[in-house]
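Student: what's the 3D shape of this:
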Amino acid sequence: MIKAHEYRAAAPHRISQAGPSTRDLLTEGGDARLALDPITGRNRYGCSPHPDPGLADFGSSTASVISERGFDAAETLRGRLYRAEPRGPSPAAYAEALERLRGGLIGLYGLNDLDGLDVIFSPSGTDLHLILAELIGAGPDAPLVCIDVEPEETGSGVPAALSGQHFGGHASLGAPVTQGAPVGAAAHRFVAIPCRAADGTLRPEIDVEDELNRVAQQAVDAGARILLAVSDVSKTGLISPSLSAVAAFKARFGAAAEIIIDACQLRLAPESLRAYLAQGCLVAVTGSKFLSGPSFSGALFVPGAASERLKDRLISPGMRAYSTRGEWPKGWVAGQAMAEGVNVGLLLRWEAALAELAAFRALPPVAIAAFATRFAEAVTARVIADPLFEPLETRRLDRAALGAEVSWDQIPTIFPFLLRHAPGGRGGLLSLAATLDVYRGASAEPFPANPAVARARLGQPVRCGARDERPISALRLCNSARLIVEAVTGGEPAAAAVIARAMAALDRTASQVRAVSRTGRI
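Tutor: Predicted coordinates:
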């Protein structure tokens, strides 16, 4: 098996030969969110399928534009696949390539010694939630109740996916489906528990924990099983519910509950990931957030004990629209029920993400922590000082209940903030619609053209309640593995340059706020 730090993508070089282009393949094998706008050439997340060096990209909590490193890794793999099979890789070659990536992902996180650890690949984190809900709901003994804390801060399709419903009009492999219809014989019950009050402030943790236990107890008393989705971390950087509450929940409900850690942001140190798996939790990750690989690359870590419980379960035939046989570990009955399809887009996106992960894992943890702290202090100070910004309330990242060694992942890397109208304008916070205008304007090409004005991409607005009877949302400026690699490997000049770009991104955002305020937009 591949050990930590040993994953290597092939030497980067541009390849010209027959077959679909890397650019085209990177936009395939996902749902409508990957489709490119014919005018902008970007997907729904505002990302293009090729590097964009002129963009100050701090939007990794939503998605990232592919880097030169990632694109080279993906293009090299594409060339190797199509040289071997000019008409495209066979299902066997696809499964073999994914097995190599599976080993690379496990090895880079230093998890080779965990007996029975399995990894299921999938196009997105939402697809992973659907797969797991269908797997757990396939048990014949009891109905399934899925509980998610603050689903507004997870993927928009996650509530439907946990309900066992089609979450869009097209499935990941391209088939048209009926949004909202059950994937299997029937939908599961879904319960959302808010962690924020109506105005976006945080509810007391004890209130969230009490409501969680009450809902779960009612489900168990009614003869149901539970799937609890725990965010680490959410779109605004929250661990929700608290991990001490999760530990108490696990002790209280035992075998009646399955726990999935929604770590699709993947802002986790290896020590924390290992601790979750050692405690029997399934962990959903993606390569497209903190790792800054291209949009749509999901993986589910299944620890040995959970694998033994789930690997012999049947799964609904409706899942064939979302998954192929090669994406499952060998020996899983559900995988054998899938068709022998090939999703080259998924393969290339994970290849790009693992190239980013390999570069990141080569850094000393102490250097990662030092730059993450410096970045956090600079961004926090800038947001607090600007009258056009209001920091969104968050909590300290507390993973003490895991019992893992403290690492860089205790330092925030997502910085959410609300927008305020400029003085002389309407006053108060910008509405959800006006915040979206600011978000789009910050990343747009300036008109007239001005090379001195940097385009800046932040995390998409996240709805977080209402103020003055208007819905509001928060933008997010984010650190990422790619930015940390740039800062640490390039020394002080590079670290200063990354910080300066972050400050420029906030300056551009403030400029857009002033422009929106002048229009009278509420």
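
Student: Which neighbouring elements make contact with the helix or strand where residue 370 lies?
Tutor: Here residue 370 is covered by helix 365-385, with elements defined by DSSP states H and E. In terms of contacts (3 or more Cβ pairs under 8 Å, 6 or more residues apart in numbering; DSSP states H and E), helix 365-385 is packed against strand 389-391, strand 414-419, helix 481-489, helix 491-519. (C-beta placed from N, C-alpha, C; glycine too.)

Student: swap the cut-off to 6 Å and go again
Tutor: Here helix 365-385 is seen to pack against helix 481-489, helix 491-519 when contacts are counted using 3 or more Cβ pairs under 6 Å, 6 or more residues apart in numbering; DSSP states H and E.

Student: Please work out which of those helices is packed deepest.
Tutor: A comparison of the helices and strands packed on helix 365-385 by mean neighbour count, using mean count of other Cβ atoms under 10 Å, puts helix 481-489 on top with a mean of 22.

Student: Kindly format the C-alpha coordinates of that helix as CSV.
Tutor: Extracted C-alpha coordinates of helix 481-489, given in CSV (Å, rounded to 0.1, in the frame of the first residue of the first chain):
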residue,chain,number,x,y,z
ALA,A,481,-4.5,24.0,1.1
ARG,A,482,-3.4,25.6,-2.2
LEU,A,483,-2.9,29.0,-0.6
ILE,A,484,-1.0,27.5,2.3
VAL,A,485,1.3,25.6,0.0
GLU,A,486,2.0,28.8,-1.9
ALA,A,487,2.7,30.8,1.2
VAL,A,488,4.9,28.2,3.0
THR,A,489,6.9,27.0,0.0
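
Student: roughly how far is it from the heart of the chain?
Tutor: Relative to the centre of its chain, helix 481-489 is centred 19 Å away, using Cα atoms, centre = their mean, to the nearest Å.

Student: Kindly report the same for stretch 509-522.
Tutor: 30 Å.

Student: what does stretch 89-105 give?
Tutor: Using Cα atoms, centre = their mean, the distance from the centre of stretch 89-105 to the centre of the chain it belongs to is 22 Å.

Student: Looking at it now, give me its mean pLDDT.
Tutor: Averaged over stretch 89-105, pLDDT sits at 97.

Student: May I see the buried residues of it?
Tutor: Under the neighbour-count criterion of 16 or more other Cβ atoms under 10 Å, stretch 89-105 has 89, 93-95, 97-98, 101-105 buried.

Student: Could I get those residues in a markdown table, plus columns for distance to residue 194 and secondary structure?
Tutor: Formatted as a markdown table, the buried residues of stretch 89-105 follow (distance: Cβ to Cβ, whole Å; DSSP: H, G, I helix; E, B strand; the rest coil):
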| residue | distance to residue 194 | secondary structure |
| --- | --- | --- |
| 89 | 45 | coil |
| 93 | 46 | helix |
| 94 | 41 | helix |
| 95 | 42 | helix |
| 97 | 42 | helix |
| 98 | 38 | helix |
| 101 | 37 | helix |
| 102 | 36 | helix |
| 103 | 40 | helix |
| 104 | 38 | helix |
| 105 | 33 | helix |
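
Student: before we move on, the earlier item: contacts for the helix holding residue 370?
Tutor: 389, 391, 407-408, 411-412, 415, 417, 477, 479, 484, 487-488, 495, 499, 502, 506 (Cβ atoms under 6 Å, 6 or more residues apart in numbering).

Student: Please apply the same query to stretch 209-227.
Tutor: 136, 142-146, 191, 193, 241, 245, 253, 256-258.

Student: Report the rounded mean pLDDT for that stretch.
Tutor: Across stretch 209-227, the average pLDDT comes to 96.

Student: Restrict it to CA atoms and write it as PDB.
Tutor: Only the C-alpha atoms of stretch 209-227 are listed here, as PDB (Å, rounded to 0.1, in the frame of the first residue of the first chain):
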ATOM      1  CA  GLU A 209     -28.400  19.100  22.100                       C
ATOM      2  CA  ASP A 210     -31.700  18.800  23.900                       C
ATOM      3  CA  GLU A 211     -33.700  19.100  20.700                       C
ATOM      4  CA  LEU A 212     -31.400  16.500  19.000                       C
ATOM      5  CA  ASN A 213     -31.900  14.000  21.800                       C
ATOM      6  CA  ARG A 214     -35.600  14.600  22.000                       C
ATOM      7  CA  VAL A 215     -36.100  13.900  18.200                       C
ATOM      8  CA  ALA A 216     -33.800  10.900  18.300                       C
ATOM      9  CA  GLN A 217     -35.500   9.400  21.300                       C
ATOM     10  CA  GLN A 218     -38.900   9.800  19.700                       C
ATOM     11  CA  ALA A 219     -37.600   8.000  16.600                       C
ATOM     12  CA  VAL A 220     -36.200   5.100  18.600                       C
ATOM     13  CA  ASP A 221     -39.300   4.800  20.700                       C
ATOM     14  CA  ALA A 222     -41.200   4.500  17.400                       C
ATOM     15  CA  GLY A 223     -39.000   1.600  16.300                       C
ATOM     16  CA  ALA A 224     -36.900   3.600  13.800                       C
ATOM     17  CA  ARG A 225     -33.100   3.700  13.200                       C
ATOM     18  CA  ILE A 226     -31.200   7.000  13.100                       C
ATOM     19  CA  LEU A 227     -28.700   8.500  10.700                       C
END
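
Student: Could you list the paired strands of the strand ranked longest in the chain along with their orientation?
Tutor: Secondary structure of the chain per DSSP state E: the longest strand is strand 455-467. Strand 455-467 has the following sheet partners, assigned by DSSP bridges: strand 55-58 (parallel), strand 470-478 (antiparallel).

Student: would a markdown table of the ones you listed with mean pLDDT, mean neighbour count and distance to residue 342 be doable?
Tutor: As requested, the strands paired with strand 455-467 are exported to a markdown table (pLDDT from 0 to 100; neighbours: other Cβ atoms under 10 Å; distance: least, Cβ to Cβ, whole Å):
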| stretch | mean pLDDT | mean neighbour count | distance to residue 342 |
| --- | --- | --- | --- |
| strand 55-58 | 94 | 23 | 30 |
| strand 470-478 | 94 | 24 | 33 |
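
Student: can you put these in a markdown table and add distance to residue 306?
Tutor: Converted to a markdown table, these look like this (distance: least, Cβ to Cβ, whole Å):
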| stretch | distance to residue 306 |
| --- | --- |
| strand 55-58 | 35 |
| strand 470-478 | 30 |
